[in-house]
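*Asks:* Need a 3D model of the sequence below.
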Amino acid sequence: AALAGSAEANVFRAVAHALLLPLGARRAVWLDADTVPQASLAPLFRTPLGPGPAGSFLSVALARRCRGDWLGGEDHMDPRAEASRRFGLREPREQGVNNGVMVADLEALCARDGARAFAEVLRAAAEVEAGTRPGPPPFAHPFGIANQPAQVIAWARNTTYVAPDWNCRRLPKHKLRACRVVHNKAYALTDRAGPSGPAPAGLSVPGARGVHRAPRA
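*Replies:* Numbering: from 1, shown residues only. Here you go, the predicted structure:
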């Protein structure tokens with residue numbers, strides 16, 4: 001599992017297959033730094049990947065959004081954009097998921113040049129903004145964080161989905177108990193010793209040395 005705590009570090013997930021395959025890894029689970037597993041990740045790791053519809057190969061699995069975890073199209077992904085159509089983005093409300101919890105077939109991503117697709121979506125967005133490419137941009141993230149919508153678009157055709165309880169966000173605290181992975185942007189795991197502040201009600205953090213409030217972006 002890889003941990004990341006910044007937009008820059010999150011780009012690692014788009015190139016992880018190129019870095020991990022030489023080390024002998026074939027499948028990987030990615031967890032953002034502000035996630036807290038409350039159950040075994042083994043079922044997530046074993047998510048079926050492989051041949052998909054219309055000749056696609058499902059190389060990545062992401063969690064569907066929990067009910068209520070939608071901010072009116074927060075990633076502003078546009079299926080009309082040429083890059084969106086090319087990589088298989090059709091329904092932003094269905095495919096516009098959070099990628100803070102992900103399982104990936106590294107060999108499949110490498111075979112399909114996932115890093116190149118990611119770079120092409122970023123390039124398309126930049127060129128539309130600069131006026132050198134016609135049409136709408138594939139995305140326009142309101143917070144200036146490009147890695148998430150770019151990856152979701154680039155790998156859309158090769159993505160399958162797991163249950164929302166693998167990536168619970170923006171839920172009432174009493175509902176977090178039923179989640180297998182809690183993704184709370186107000187908190188992050190830390191291995192630093194010393195006072196860390198209370199965990200949100202309902203969180204179980206076995207083995208963690210503390211939970212602290214993460215600075216807001």
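*Asks:* List the neighbours of the helix ranked longest in the chain that are in contact with it.
*Replies:* Identified as the longest helix of the chain according to DSSP state H is helix 114-130. Residues outside helix 114-130 that contact it (CB atoms under 8 Å, 6 or more residues apart in numbering): 14-15, 17-18, 59, 81-83, 87, 133-140, 146, 150-151, 153-155, 158. The way it works is simple: take the backbone N, C-alpha and C, and place the C-beta from them, glycine included.
*Asks:* and these, which are buried?
*Replies:* The neighbour-count criterion (16 or more other CB atoms under 10 Å) marks 14, 17, 59, 81, 83, 87, 133, 137-140, 146, 150-151, 153-155, 158 among these as buried.
*Asks:* Any regions of this protein where pLDDT drops low?
*Replies:* Residue ranges of the chain with pLDDT under 70: 1-10, 68-75, 141-146, 185-217.
*Asks:* which residue is nearest the middle of it?
*Replies:* Against the mean C-alpha coordinate of the chain, by CA atoms, centre = their mean, the closest residue is Asn99 at 0.9 Å.
*Asks:* show me what contacts it?
*Replies:* Residues in contact with Asn99 (CB under 8 Å, 6+ apart) are Arg13, Trp30, Leu62, Gln148, Gln151, Val152.
*Asks:* same check, this time on Gly135
*Replies:* Gly135 is in contact with Arg80, Ala81, Glu82, Val128, counting by CB under 8 Å, 6+ apart.
*Asks:* now Phe87
*Replies:* Going by CB under 8 Å, 6+ apart, Phe87 touches Ala117, Val121, Ile153, Ala154, Trp155, Ala156, Arg157.
*Asks:* Out of those residues, list just those in helices.
*Replies:* Per DSSP H, these map to helices at Ala117, Val121, Ile153, Ala154.
*Asks:* hey, where'd the strands end up in this protein?
*Replies:* 2-4, 27-32, 35-37, 50-51, 57-58, 60-63, 101-105, 159-162, 181-183, 187-189, 211-213 (DSSP state E).
*Asks:* got JSON lines for those, with mean neighbour count too?
*Replies:* Below are the strands of the chain laid out as JSON lines (neighbours: other CB atoms under 10 Å):
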{"stretch": "strand 2-4", "mean neighbour count": "16"}
{"stretch": "strand 27-32", "mean neighbour count": "20"}
{"stretch": "strand 35-37", "mean neighbour count": "23"}
{"stretch": "strand 50-51", "mean neighbour count": "9"}
{"stretch": "strand 57-58", "mean neighbour count": "18"}
{"stretch": "strand 60-63", "mean neighbour count": "24"}
{"stretch": "strand 101-105", "mean neighbour count": "25"}
{"stretch": "strand 159-162", "mean neighbour count": "19"}
{"stretch": "strand 181-183", "mean neighbour count": "24"}
{"stretch": "strand 187-189", "mean neighbour count": "20"}
{"stretch": "strand 211-213", "mean neighbour count": "16"}
